[in-house]
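> fold the following and give me the result.
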Amino acid sequence: MFQSPFDASLLLRSLKTLHVRVTRQSDSAQRLAEFLESHPKILRVHYPGLPSNSGHQVAKRQMKKFGGMISFEMKGGLQAAKTCLEVNFV
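This is a model prediction of the structure:
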């Protein structure tokens with residue numbers, strides 16, 4: 001499948017700023033993970049940029065930045081997560 005000239009130009013334009021966007025995404029994820037780790041309602045944060053993460057040392061050797069993917073577990077389990085989503089997004 002071929003791209004149209006317009007689609008190709010959009011792709012080239014977005015590639016110019018990809019490095020900046022990925023860097024900022026990773027920086028934001030790091031700050032968010034640190035915030036979540038200190039939050040009293042959060043049980044555990046899974047993010048390789050945190051020293052408390054079991055894979056942190058390996059990630060430090062392999063990565064310059066730690067990416068934008070974060071997961072976390074809430075104290076109170078599934079019901080606490082449902083309550084959080086209902087309060088904040090409904």
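> excluding its backbone neighbours, what's nearest residue 67?
Once flanking residues are discounted, residue 67 sits nearest to residue 26: 5.7 Å by CB to CB, 6 or more residues apart in numbering. Using the backbone N, CA and C atoms, a C-beta is placed for each residue, glycine as well.
> residue 59 too?
Distances taken as CB to CB, 6+ apart place residue 48 nearest to residue 59, at 3.7 Å, with adjacent residues excluded.
> does that neighbour touch residue 57 like I think?
No - the criterion here is CB atoms under 8 Å, and residue 48 misses it with residue 57 at 9.7 Å.
> what's the closest residue to residue 71 other than its chain neighbours in contact with, if anything?
For residue 71, ignoring the flanking residues on the chain, the nearest one in space by CB to CB, 6+ apart is residue 46 at 4.4 Å. Contact analysis of residue 46 by CB atoms under 8 Å, 6 or more residues apart in numbering lists 53, 70, 71, 72, 73.
> helices along the chain, start to end?
With DSSP state H, the ranges of helices along the chain come out as 5-16, 18-38, 56-62, 77-89.
> where among these is average confidence lowest?
Lowest mean pLDDT within the helices of the chain: helix 77-89, at a mean of 87.
> report all helices and strands that it contacts.
The contact analysis (3 or more CB pairs under 8 Å, 6 or more residues apart in numbering; DSSP states H and E) places helix 77-89 against strand 71-74.
> how far does the strand it packs on sit from its chain's centre?
12 Å (CA atoms, centre = their mean, to the nearest Å).
> quick check: mean pLDDT across it?
Strand 71-74 carries an average pLDDT of 95.
> strand partners (parallel or antiparallel) of it?
Next to strand 71-74 in the sheet, as set by DSSP bridges, lie strand 42-46 (antiparallel).
> residues of the partner strand that come out buried?
Neighbour counts over strand 42-46 (16 or more other CB atoms under 10 Å) mark 45, 46 as buried.
> residue 48 and residue 57: which has the busier surroundings?
A count of neighbours by other CB atoms under 10 Å puts residue 48 above the other of residue 48 and residue 57, at 22 against 11.
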